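Visitor: A predicted structure for the sequence below; I have some questions about it.
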Amino acid sequence: MNAQAGFRPLAALLAALVASCAGAARGGEAAAAGVRLEAGTTKRWLVEFKRQATERGTPEETTKTQLKLEYVPEGPVSLLRLELPFPDEESSFSGSPFDPDFGDMKVRAGFRAVDILGRPVTSFLEVTFPTANPESQGTGKYQVSGGMRTTLPLGAGPEGRRNSLAAQLQQVVSTGGDAARSDVNQTKIEIEARTTWPRGHVAKATIKPLVDWVGDGQTGAVLELEGGWAANRDWTVTLLGGLRVWGAGVPGTYGKRVELKAAYRF
């Protein structure tokens, strides 16, 4: 597959994102970022600590510790995010938590929802930097990514539960970096079923198929089950389990994963 064809999915997606941003300036629905606690109050900052044990897939899919910082500004931009990964030196499932390396840093900007075909759609742009040390802990490539997401409410259930379905489309391509390393050109899809409770508890199941265009269109998918517990208005603890559905050896997939994360909003 030639480079021009490889960039076509991203070009189409970025064009939609530009339209989305223009619409956001006119004022769309608020994005699903930040936590509204009461009228006029928003938790604008989030600090998240995550520990992830993964049966190794690609350098980005391995056992690691990760720190995430988020800020929810006002205006068309609804989210600013920084992810700092610390992959274990030992790449086994159990890893070596006290021997961390540094991985590829990511930054993301999210945009408020606009109406597309009668549905509110949020969007984001993301850049991954080849900051890994040693270099084997990353892709060695700068990556540019664009994505769109929409959510469909399914109504309320017993005890005040709210159910919803969400779909996300993301295109990732590499642009520069180490010429000796493999290029990145993937289309990623997420389909999520979510249930939330009035006190902030959440349960969700997400299927994540992807297409690897560098690998001649080979596909893979993982399934993740996640449960979150809101300890109070500021702290949330989440446990996740994941496994490969198909596509052994496809970049972006993994064999199995267990993840524990704690998030603090203020």
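Guide: That came in fine, so what should we check first?

Visitor: check Ser91 and give its pLDDT.
Guide: As predicted, Ser91 sits at a pLDDT of 88.

Visitor: just give me the neighbour total for it.
Guide: Number of residues near Ser91 (other CB atoms under 10 Å) recorded here: 17. All C-beta spots, glycine's among them, are computed from the backbone N, C-alpha and C.

Visitor: ditto for Gly146
Guide: Counted with other CB under 10 Å, residues neighbouring Gly146 total 24.

Visitor: can you offset everything so residue one is 153?
Guide: Sure, I'll start counting at 153 from here, so that last one is Gly298.

Visitor: that one: which element?
Guide: strand 293-308 (DSSP states H and E).

Visitor: by contact count, what packs against that strand?
Guide: With contacts defined as 3 or more CB pairs under 8 Å, 6 or more residues apart in numbering; DSSP states H and E, the packing partners of strand 293-308 are helix 155-177, strand 271-281, strand 314-329.

Visitor: contacts for the helix or strand following the last one, please.
Guide: As assigned by DSSP H and E, the chain's next helix or strand after strand 314-329 is strand 337-348. Residues from elsewhere that reach strand 337-348 (CB atoms under 8 Å, 6 or more residues apart in numbering): 153, 158-159, 161, 299, 309, 313-326, 354-366, 403-404.

Visitor: now the strand holding Gly298: average pLDDT?
Guide: 95.

Visitor: listing partners with orientation, what would you give for that strand?
Guide: According to DSSP bridges, strand 293-308 forms sheet pairs with strand 271-281 (antiparallel), strand 314-329 (antiparallel).

Visitor: how about that strand: buried residues?
Guide: Neighbour-count burial for strand 293-308, with 16 or more other CB atoms under 10 Å as criterion, is recorded at 293-303.

Visitor: now do stretch 403-415
Guide: In stretch 403-415, counting by 16+ other CB under 10 Å, buried: 403-406, 409, 411, 413, 415.

Visitor: any low-confidence regions in the stretch 153-302 of the chain?
Guide: Residues of the stretch 153-302 of the chain meeting the criterion pLDDT under 70: 153-193, 209.

Visitor: swap in 50 and give it another go.
Guide: Counting by pLDDT under 50, the ranges of the stretch 153-302 of the chain that qualify are 153-159, 162, 166, 169-192.

Visitor: so which pair among the buried residues of stretch 403-415 is furthest apart in space?
Guide: Pairwise distances among the buried residues of stretch 403-415 were taken by CB to CB; the largest, 27.9 Å, belongs to Pro403 and Ala415.

Visitor: let me see the contact set for the closest residue to Val397 other than its chain neighbours.
Guide: In space, and not counting its chain neighbours, Val397 is closest to Ala373: 4.3 Å by CB to CB, 6 or more residues apart in numbering. By CB under 8 Å, 6+ apart, Ala373 lies in contact with 359-362, 396-399, 405.

Visitor: assumed Ala373 was part of a strand.
Guide: Yes. Assessed with DSSP: H, G, I helix; E, B strand; the rest coil, Ala373 lies in a strand.
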